[in-house]
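> The following comprises the amino acid sequence and a computationally predicted model.
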Amino acid sequence: MPTIFDNIEAPFLPAIQEALKVAYRGDFCVGYFNLRGWRHLASAVEAWPGGDGACARLLVGMTRNRDHDLSLLFGIAGEDRIDNREAVKM
């Protein structure tokens with residue numbers, strides 16, 4: 001089972017630093033990633049040889065909620081607008 005770190009009750013950095021001491025690869029899925037934080041992990045990851053099975057993979061992204069999508073769709077910036085009927089359907 002994966003562990004979810006919220007940096008409130010479960011801080012990420014100490015846990016990941018401990019895990020990287022014995023790891024030979026890493027698959028990370030995060031909502032946000034601040035590149036400045038990489039300096040805390042770089043030395044451990046750079047020791048891995050790289051290639052398939054010995055590298056770090058990072059998936060960054062968050063899903064948006066429907067309200068946000070609707071506001072983008074109804075905005076004045078795009079030509080692909082939707083009508084009220086489509087918005088209600090969504």
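Thanks, I have it.
> how far away is the residue lying closest to G37 once chain neighbours are set aside from R85?
Computed as C-beta to C-beta, 6 or more residues apart in numbering, the closest residue to G37 that is not its neighbour in sequence is L13, at 7.7 Å. The way it works is simple: take the backbone N, C-alpha and C, and place the C-beta from them, glycine included. Per C-beta to C-beta, to the nearest Å, L13 is found 49 Å from R85.
> Also V45?
As judged by C-beta to C-beta, V45 and R85 stand 50 Å apart.
> quick one, which of these two is more surrounded?
V45 (16 against 8; other C-beta atoms under 10 Å).
> Pretty sure that one sits against A56.
Yes. Between V45 and A56 there is a contact under C-beta atoms under 8 Å: 4.8 Å.
> you'd agree V88 is in a helix?
Yes. According to DSSP: H, G, I helix; E, B strand; the rest coil, the state of V88 is that of a helix.
> How many residues are close by G37?
Per other C-beta under 10 Å, the neighbour tally for G37 reads 13.
> Confirm that it sits in a helix.
Yes. With three-state DSSP as the criterion, G37 is located in a helix.
> buried stuff in the biggest helix by length in the chain?
In the chain, with assignment by DSSP state H, the single longest helix is helix 12-22. In terms of neighbour count (16 or more other C-beta atoms under 10 Å), helix 12-22 has its buried residues at 12, 16, 20.
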